[in-house]
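*Asks:* here is a sequence together with a model predicted from it:
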Amino acid sequence: MAYDDQNIFAKILRGEIPSFKVYKDDDTYCFMDIMPRSKGHCLVIPKTPCRNMLDASPDQLSTCLQTVQKVSHAAMKALGAEGVTIQQFNEDAGGQEVYHLHYHILPRWPGIKTTPPGKMGDMEEIKATAEAISAAL
């Protein structure tokens, strides 16, 4: 399937939809998930178009994973997390909902489960968490 440049992440990259920035470089953008499944849940995307890892270039994959690693360390430091869960979905059958390559970073603590998907978070708390992770970078 072709890349749809009207997907929500493409609109975020163009500044048409606001986001809480955590980190950006020449190739990637990391921002907070507004329906967080854990405190500090954020997303890493390439700045260039691709639907998912199945059609991504090696450079897109590499730069995204470098950012995932960098932000994961910062999130653990900023939030006192003891680990992270990294998620990445491909196509409908794989659970993908937004068709722009993205990686979920979910900071984790022992004994605390992730929350169910689809519930809007508190925007002030999400903004403060983005600032804390950014400061740890």
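*Replies:* Done, it's in. Numbering: from 1, shown residues only.
*Asks:* which residues touch the residue sitting nearest the centre point of the chain?
*Replies:* Note on the chain: the residue nearest the mean C-alpha position is Leu43, at 0.4 Å, using C-alpha atoms, centre = their mean. Counting by C-beta atoms under 8 Å, 6 or more residues apart in numbering, Leu43 touches Phe9, Cys30, Phe31, Met32, Asp33, His102, Tyr103, His104, Ile105. All C-beta spots, glycine's among them, are computed from the backbone N, C-alpha and C.
*Asks:* wait, is it part of a strand?
*Replies:* Yes: judged by DSSP: H, G, I helix; E, B strand; the rest coil, Leu43 forms part of a strand.
*Asks:* spatially nearest residue to it, not counting backbone neighbours?
*Replies:* His102 (5.0 Å; C-beta to C-beta, 6 or more residues apart in numbering).
*Asks:* which stretches of this protein form helices?
*Replies:* Listed in chain order, the helices of the chain (DSSP state H) span 8-13, 58-79, 123-136.
*Asks:* show me what the first one is packed against.
*Replies:* What that stands for is helix 8-13. strand 28-32, strand 42-46 (3 or more C-beta pairs under 8 Å, 6 or more residues apart in numbering; DSSP states H and E).
*Asks:* dump the residue contacts of the nearest residue to Met120 once chain neighbours are set aside.
*Replies:* In this structure, Met120 finds its nearest non-sequential neighbour in Met35, 5.7 Å apart by C-beta to C-beta, 6+ apart. Residues counted as contacts of Met35 (C-beta under 8 Å, 6+ apart) are Pro117, Gly118, Lys119, Met120, Gly121.
*Asks:* where does this protein have low pLDDT?
*Replies:* By pLDDT under 70, the chain has no low-scoring segment.
*Asks:* mind running it again at 90?
*Replies:* By pLDDT under 90, the low-scoring segments of the chain are 1.
*Asks:* and Asn52, how far from Phe89?
*Replies:* Counting by C-beta to C-beta, to the nearest Å, the gap from Asn52 to Phe89 is 7 Å.
*Asks:* thinking again about what came up before, can you redo the helices of the chain as TSV with distance to Lys47 and mean neighbour count?
*Replies:* TSV is the format used below for those (distance: least, C-beta to C-beta, whole Å; neighbours: other C-beta atoms under 10 Å):
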stretch	distance to Lys47	mean neighbour count
helix 8-13	6	18
helix 58-79	9	18
helix 123-136	18	16
